[in-house]
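> Predicted coordinates and the sequence they were generated for:
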Protein chains: 2
Amino acid sequence: MHITILGGGGFLGRKLAQRLAADGALGGRAITGMTLFDLAEPAPVPASFTVRTLAGDLGDAAALTAAIPDDTGAIFHLAAVVSAAAEADYDLGIRVNLLGTLAVVNRCRELVVAPRVVFPSSVASFGGGQDARVRDDERQVPTNSYGAQKAMAELALNDASRRGFLDAVCIRLPTVVVRPGRPNKAASSFASAILREPLLGLATDCPVFPDFRLWICSPRSAVAWFLHAATMDTAPLGLERGVNPPGMTASVAEMLDALESVAGAEARRLVHIVPDTVVQDIVRGWPSGFVPDRALALGFAGHEPLADVVRAFMGDDLAATKADRGLA
Amino acid sequence: MHITILGGGGFLGRKLAQRLAADGALGGRAITGMTLFDLAEPAPVPASFTVRTLAGDLGDAAALTAAIPDDTGAIFHLAAVVSAAAEADYDLGIRVNLLGTLAVVNRCRELVVAPRVVFPSSVASFGGGQDARVRDDERQVPTNSYGAQKAMAELALNDASRRGFLDAVCIRLPTVVVRPGRPNKAASSFASAILREPLLGLATDCPVFPDFRLWICSPRSAVAWFLHAATMDTAPLGLERGVNPPGMTASVAEMLDALESVAGAEARRLVHIVPDTVVQDIVRGWPSGFVPDRALALGFAGHEPLADVVRAFMGDDLAATKADRGLA
């Protein structure tokens, strides 16, 4: 079976590729080849099977045909314009997040066997705010273009699954913590920065108060959910291919407690609460809690404790992040 | 103010155009011109203001620019590929129902003042079946491509409204009864045929049992809701521009009772129950009831009784339908 990762050069795409390379199989079927596709050619990943790395645009049908060969059994469609970028450039968000997904659907229609498609949708496709406890049957009323485009893509994948073009599972990912890299303009940047920066020995400002709660997941849980979505029986999903996975609610204070428990009080002292009403106005619309009963019943693994999230970042990403940022 | 009706050659578009021509104003503002746009050039509608009739495709940007002049204050976007056609031709449904709506959004972005956009979404964007009582906060889980495309278009219009590109109200129309014309391949064809055909003196087969329930509305109610949507204060809608209007639940037996009360027992005897499991398999997924609290609070008028629906068809459409079909 061939596997394609669209957005294979990104942070989660790369972790997923490394995991698939290590496993050599998916759901008991041997992996015979893998394609990593992204706007810029992804770095190679060593594996016992052939790994192709391709640069291209989702909107280019020829590039997509090359990225998804005829024997593709599973596609991880992680290519996306993220929230701040989709809000800043409406056309770009529509083109990649919506029309790009329709292009993936069209390529799947050409395959003889409908492939499994794993698609990360987002917590940003819901509203609700700090007091939300989002149920499985709740409406998606997005507060931003990224969330709207993700919800539209889910509808397209639901319908394409019903028609037999493909066999999709959409996972509405929480805010992923800890992201490697640098602080950026994303409103959620602080959620990773308050753990990552102190572990790099750097001070950081937190724009929200310590009691602010977020719905988060670790990169390890995200990858584990992707793999479960790629191999699970999809019959119980019926027409609704979207799943609210079992992330966790964490307050800023709880995240800092976990940081202190792993890295000491001096790490925690590097985080300074500096309220920023611009950031607060955006993030307070996001739901801080879900009741993920359906995902648990479908076999998605529950989340590990916060301290493990901190330790996993230290083990998996800290050294590479230091190197990328030119830190000692 | 200029008004544009996309799909202005259709059954509801034409009724709306005639009503606007009669009123001469919308929400207290004088209508200075109207454009009726459809694939085939719509028939002219006499009015005290200029009425342009244009043929074109929603996907043709130049045609859409011509159809929506710079001084357009309200757009009724009724152009659509209907349910059976969107199911039979996936690409056509995507092109018109989804990409056509995105093209309307893009044209609206070019206008100096964000126009009101009234968009009929559909009961087909919900599942639920015979026992459903759809709440205002219920998820749309479509069972067909038409419903999926309508739900996606709603999300696009919600987001475009939030961004200030336009100011949308989406009305999730029930099955419209009585449609003029002829029986067709639509699974819902019987809902109008069991009233229309006997009033034309013709026999008709009903594929479902008398206790089968439908969520319906009359053409008069649909047009009244369009006009309310075009003139209402949209601030109370917030991010959710979709409304479940106050249609009515009617069983086949209740519809035949209304027919008999207006047109006599001989009319009713022209309807024969001839169960068709193919039709039953499709229509039993549609929700037969809603709890339209939000629409009523927003000022959408409640529905008239079934006997009035029958009488309105006789007054508004029976003569023209007879003439169209070459009946005496």
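Arrived safely, thanks for sending.

> separation between residue A:108 and residue A:172?
Applying C-beta to C-beta, to the nearest Å, the value for residue A:108 to residue A:172 is 21 Å. Heads up, the C-betas are built off the backbone N, CA and C, glycines and all.

> what kind of secondary structure is residue A:75 in?
The assignment at residue A:75 comes out as strand when based on DSSP: H, G, I helix; E, B strand; the rest coil.

> beta partners for it?
Residue A:75 has these beta-bridge partners by DSSP bridges: residue A:4, residue A:117.

> my guess is it meets residue A:105, correct?
No - judged on C-beta atoms under 8 Å, residue A:75 makes no contact with residue A:105 at a distance of 10.5 Å.

> Which neighbours do the two have in common?
Here residue A:75 and residue A:105 have residue A:166 as joint contacts, going by C-beta atoms under 8 Å, 6 or more residues apart in numbering or on different chains.

> And the two? Which one has more around it.
With neighbours defined as other C-beta atoms under 10 Å in any protein chain shown, residue A:75 and residue A:105 compare such that residue A:75 has more, 27 against 23.

> If we ignore the residues flanking it in sequence, what's nearest residue A:102?
Leaving aside its chain neighbours, residue A:102 sits nearest to residue A:156 (6.0 Å; criterion: C-beta to C-beta, 6 or more residues apart in numbering or on different chains).

> Under a three-state scheme, what state does that neighbour occupy?
helix.

> Got the confidence number for it?
In this model, residue A:156 is scored at 98, pLDDT.

> do the same with residue A:328
In this model, residue A:328 is scored at 72, pLDDT.

> Could you report the neighbour count for it?
Residue A:328: 6 neighbours (other C-beta under 10 Å).

> residues contacting residue A:180?
Applying C-beta under 8 Å, 6+ apart to residue A:180 gives the contacts A:11, A:196, A:313, A:317, A:320-321, A:324.

> can you rerun that using 7 Å?
Going by C-beta atoms under 7 Å, 6 or more residues apart in numbering or on different chains, residue A:180 touches A:11, A:317, A:320-321.

> Tell me where the model's unsure across chain A.
Across chain A, nothing is flagged by pLDDT under 70.

> Could you show which parts of it are in contact with chain B?
Neighbours of chain B within chain A, by C-beta under 7 Å from any C-beta of the partner chain: A:90, A:94, A:102, A:127, A:137-139, A:141-143, A:145, A:148, A:151-152, A:155-156, A:158-159, A:163, A:239-240.

> Swap in 6 Å and give it another go.
Taking C-beta under 6 Å from any C-beta of the partner chain as the contact definition, chain A meets chain B at A:137, A:139, A:141, A:145, A:148, A:151-152, A:155, A:159, A:239-240.

> Now the closest residue to residue A:263 other than its chain neighbours. Its backbone dihedrals?
Counting by C-beta to C-beta, 6+ apart, residue A:263 lies nearest to residue A:199, which is 6.0 Å off, once chain neighbours are set aside. Here is the backbone geometry of residue A:199 (degrees, to the nearest 10): phi -70, psi -20.

> how close does residue A:199 sit to chain B?
Distance, residue A:199 to chain B, by C-beta to the nearest C-beta, to the nearest Å: 37 Å.

> again, but for residue A:12
24 Å.

> Packing partners of the strand or helix carrying that residue?
Assessed by DSSP states H and E, residue A:12 sits inside helix A:11-23. In terms of contacts (3 or more C-beta pairs under 6 Å, 6 or more residues apart in numbering or on different chains; DSSP states H and E), helix A:11-23 is packed against helix A:219-231.

> Which helix or strand lies directly C-terminal to the helix it packs on?
Counting by DSSP H and E, the next helix or strand C-terminal to helix A:219-231 is strand A:242-243.

> partners of that following strand in the sheet?
With DSSP bridges as the test, strand A:242-243 is paired with strand A:167-173 (parallel).

> From the chain's centroid, how far away is the partner strand?
Computed by C-alpha atoms, centre = their mean, to the nearest Å, the chain-centroid distance of strand A:167-173 equals 11 Å.

> Name the nearest residue to the closest residue to chain B within the stretch 1-150 of chain A, sequence neighbours excluded.
Using C-beta to the nearest C-beta, the single residue of the stretch 1-150 of chain A nearest to chain B is residue A:148, 3.9 Å away. Distances taken as C-beta to C-beta, 6+ apart place residue B:159 nearest to residue A:148, at 3.9 Å, with adjacent residues excluded.

> For the one you found, which three-state class applies?
helix.

> So what would you say the end-to-end distance of stretch A:297-316 is?
29 Å (C-alpha to C-alpha, to the nearest Å).

> Same question for stretch A:38-53.
8 Å.

> next one: stretch A:3-22
14 Å.

> Check which residues of that stretch are buried.
Buried positions in stretch A:3-22, judged by neighbour count with 16 or more other C-beta atoms under 10 Å in any protein chain shown: A:3-17, A:19-21.

> repeat for stretch A:246-253
By neighbour count with 16+ other C-beta under 10 Å, stretch A:246-253 contains the buried residues A:246-252.

> Ok, stretch A:123-140 next?
In stretch A:123-140, counting by 16+ other C-beta under 10 Å, buried: A:123-128, A:130, A:132, A:134, A:136, A:138-140.

> Sitting in helices, which of those residues do you find?
Among the buried residues of stretch A:123-140, none falls in helices (DSSP state H).

> And these, which two are furthest apart?
The largest separation in the buried residues of stretch A:123-140, counting by C-beta to C-beta, is between A:130 and A:136 at 20.2 Å.

> Can you give me the buried ones in the host helix or strand of residue A:107?
Here residue A:107 sits within helix A:100-109, counting by DSSP H and E. Neighbour-count burial for helix A:100-109, with 16+ other C-beta under 10 Å as criterion, is recorded at A:100-108.

> now do stretch A:171-182
A:171-181.

> Could you tell me the end-to-end distance of it?
Using C-alpha to C-alpha, one end of stretch A:171-182 lies 25 Å from the other.

> how distant is that stretch from the center of its chain?
The chain centre lies 6 Å from the centre of stretch A:171-182; the measure is C-alpha atoms, centre = their mean.

> what do you get for stretch A:140-153?
Distance of stretch A:140-153 from its chain centroid, counting by C-alpha atoms, centre = their mean, is 15 Å.

> ok so, going back, correct me, but the residue of the stretch 1-150 of chain A closest to chain B touches residue A:142?
Yes - shown here, residue A:148 and residue A:142 form a contact pair, counting by C-beta atoms under 6 Å, at 4.3 Å.
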